[in-house]
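Student: Whatever this is, show me its structure:
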Amino acid sequence: MKPFLLCIALIVTLSAGAQKTDKRLQRQLEEIVTSFHGDVGVYVRNLENGRIASYHADTIFPTASMVKVPIMICVMDRINRGELSYHQELRYRDSLLYAGVDILGSFKDTEKIELGKVMMLMLTMSDNTASLWLQSLAGKGDRINQIMDSLGFVVTRVNSRTTGREPNRTLYGWGQSSPREMATLLERIDAGTIISKAASDKMLRLLNRSFYDMTALSQIPPYAAIFSKSGAVNQTRNEVVLVHGPHSHYVFCIMTKNNVDTTWVNNNEAWELTRKLSALLWHHFEPKDNWSPDPETPRFD
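Tutor: Reported below is the predicted structural model:
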């Protein structure tokens, strides 16, 4: 690692070590995660006073679709440099197809679509065909990883389709990160310090439109402003969320791996844990708010 990047990483590490713990929240967090059947990591930060609660927050986990946040950042970097345009016209080709149930994958060969709409599909619908196309447009995994490194993120990396990352891809899949780094990415976007204030604001808008609102987001009232990205494969269920409540401002990330429950039903153990964590945090940071999900909510999930 280059000397100045090493300094950035050291500053990030030292800063993390100096953070003060919210002792009551720490106890509550540990109570709900320790019985989980698998490996779990959590990082929570109160953005009003800087206090944190954490559990294996620096452990490396597979990102699954949360890797789309670094991809987004690097596409926005190319737009900022004038190498791409947000509304430029792209032409879909069948060779881009990633087999699955993606919206973009249903397009006809040579059909046209704006870059901004491809980004919307990646973040709102977690469309994998859109995401792999954008990974290529961003400069591929090598460039994305260089930018993550330059921003001081030492474990957040793209592994798939990236030079020299095959051993990591075998361990972690498409991408890897830690709860602390994923939450810090959203925190810095929210602060307007990733690329530029204008770019950060646009990224927040993109992160404010998730279709997948059945887990962490289901425990936060609809009148809060929420910015998020989730990711899931059989043994991994993740979510990173930043919340602006009426009287609160906080970010959290939960990541899991080696999950015993690999089902895709709504009451999957990791998703239930995510809901429990999100509800705990909302009522911790908004103690006077008595909102809770309506009993009929599962009908729409």
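Student: Residue 56 contacts residue 180, correct?
Tutor: No. Using C-beta atoms under 8 Å, residue 56 is not in contact with residue 180, being 9.7 Å away. (Glycine included, C-beta is placed from N, CA and C.)
Student: which one of those two has more residues nearby?
Tutor: residue 180 (27 against 17; other C-beta atoms under 10 Å).
Student: Show the subsequent helix or strand relative to the one helix or strand the more buried one maps to.
Tutor: Using DSSP states H and E, residue 180 falls within helix 179-190. Downstream of helix 179-190, the first helix or strand assigned by DSSP H and E is helix 197-207.
Student: quick one: contacts of that next one?
Tutor: For helix 197-207, the external contacting residues (C-beta atoms under 8 Å, 6 or more residues apart in numbering) are 69, 72-73, 76-77, 79-80, 86, 119-120, 123-124, 186, 188-194, 227-229, 242.
Student: could you point out where this protein is predicted with low confidence?
Tutor: 1-17 (pLDDT under 70).
Student: Mind listing what's buried along the helix or strand where residue 90 lies?
Tutor: Counting by DSSP H and E, the element that carries residue 90 is strand 89-91. Using 16 or more other C-beta atoms under 10 Å as the test for burial, strand 89-91 gives residue 90.
Student: For that strand, which strands pair with it and how are they oriented?
Tutor: strand 112-114 (antiparallel) (DSSP bridges).
Student: Spit out the contact partners of residue 61.
Tutor: Applying C-beta under 8 Å, 6+ apart, we find residue 61 in contact with 39, 41, 172, 176-179, 236, 238, 255-257.
Student: Out of these, list just those in helices.
Tutor: Counting by DSSP state H, these place 172, 179 in helices.
Student: would JSON lines of the contacts of residue 61 with distance to residue 267 and neighbour count be doable?
Tutor: Converted to JSON lines, the contacts of residue 61 look like this (distance: C-beta to C-beta, whole Å; neighbours: other C-beta atoms under 10 Å):
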{"residue": "39", "distance to residue 267": "20", "neighbour count": "15"}
{"residue": "41", "distance to residue 267": "22", "neighbour count": "24"}
{"residue": "172", "distance to residue 267": "26", "neighbour count": "23"}
{"residue": "176", "distance to residue 267": "28", "neighbour count": "23"}
{"residue": "177", "distance to residue 267": "26", "neighbour count": "30"}
{"residue": "178", "distance to residue 267": "27", "neighbour count": "23"}
{"residue": "179", "distance to residue 267": "23", "neighbour count": "27"}
{"residue": "236", "distance to residue 267": "17", "neighbour count": "24"}
{"residue": "238", "distance to residue 267": "18", "neighbour count": "29"}
{"residue": "255", "distance to residue 267": "20", "neighbour count": "32"}
{"residue": "256", "distance to residue 267": "15", "neighbour count": "29"}
{"residue": "257", "distance to residue 267": "20", "neighbour count": "22"}
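Student: got a markdown table for the contacts of residue 61, with distance to residue 130 too?
Tutor: As requested, the contacts of residue 61 are exported to a markdown table (distance: C-beta to C-beta, whole Å):
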| residue | distance to residue 130 |
| --- | --- |
| 39 | 29 |
| 41 | 28 |
| 172 | 21 |
| 176 | 21 |
| 177 | 20 |
| 178 | 25 |
| 179 | 25 |
| 236 | 21 |
| 238 | 19 |
| 255 | 23 |
| 256 | 25 |
| 257 | 25 |
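Student: Can you show me the helices along the chain?
Tutor: With DSSP H as the criterion, the chain has helices spanning 3-18, 23-33, 68-80, 115-124, 128-137, 140-150, 166-172, 179-190, 197-207, 269-285.
Student: if we can go back for a sec, quick check: angle from the helix holding residue 180 to helix 197-207?
Tutor: Here helix 179-190 runs at an angle of 120 degrees relative to helix 197-207 (axes from the mean of the first three to the mean of the last three C-alpha atoms, to 10 degrees).
Student: What helices and strands are in contact with helix 179-190?
Tutor: Applying 3 or more C-beta pairs under 8 Å, 6 or more residues apart in numbering; DSSP states H and E, one finds that helix 179-190 makes contact with strand 39-46, helix 68-80, helix 197-207, strand 225-233, strand 236-244, strand 249-257.
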